[in-house]
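Q: Task: produce atomic coordinates for the following.
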Amino acid sequence: MAEKKERIKITAARALNTRSLRLEFSNGDVRLFDSHRLRGPAFIPLMNEEIFTKPIITEDGRLGWENLDITCSAKYIYDRSVHFDDNAVAGEYVKTRRDIIGERLAIFIFPLMAIAGIIGTVWWYINN
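A: Residues are numbered from 1 along each chain as shown. Next up is the predicted model:
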């Protein structure tokens, strides 16, 4: 009979700076996760430092953030993180010009895309 493999869970999360999290897992590993791995419009609110630096762990061991309906599975985070050495000092993330421009574009373009989608849907509905 094959042994049932225990599902990995996140047991603790702490923001090291405005882009990195120190995570502890149920298997004893301590890992460093870079938020740049999170892609898509759902993660835009995490660009806000006040939001990103307040991670929470759900009852089932997933990573989430206060006041947001965003969660990531422990396996997803584990696979995209690296081993963390507690004796190392994490430097403060310094935004590059490209980062700043990207944030401003995302904040401006995604709402426009949503409005365009609504207009297109209404246009289609009226004409069909």
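Q: from here on, contacts and neighbour counts on C-alpha atoms
A: Fine.
Q: max-length helix in this structure?
A: The single longest helix within the chain, with elements called by DSSP state H, is helix 97-127.
Q: how does the chain divide into domains?
A: Under automatic domain parsing, the residue ranges defining each domain of the chain are 10-94, 95-128.
Q: roughly how far apart are residue 22 and residue 53?
A: Remark: distance between residue 22 and residue 53 (Cα to Cα, to the nearest Å) = 11 Å.
Q: anything in contact with each of these two?
A: 14, 15 (Cα atoms under 8 Å, 6 or more residues apart in numbering).
Q: Could I get the pLDDT score of residue 108?
A: Residue 108 carries a pLDDT score of 88 in this model.
Q: ok, it to residue 42 distance?
A: 15 Å.
Q: ditto for residue 56
A: Applying Cα to Cα to residue 56 and residue 42 gives a distance of 17 Å.
Q: Tell me which of these two has more neighbours.
A: residue 56 (19 against 11; other Cα atoms under 10 Å).
Q: For the host helix or strand of that one, enumerate the helices and strands it packs against.
A: Using DSSP states H and E, residue 56 maps to strand 55-57. Contacts defined by 3 or more Cα pairs under 8 Å, 6 or more residues apart in numbering; DSSP states H and E place strand 55-57 against strand 10-15, strand 63-65.
Q: who does the last one pair up with?
A: Okay, so that is strand 63-65. strand 55-57 (antiparallel), strand 71-72 (antiparallel) (DSSP bridges).
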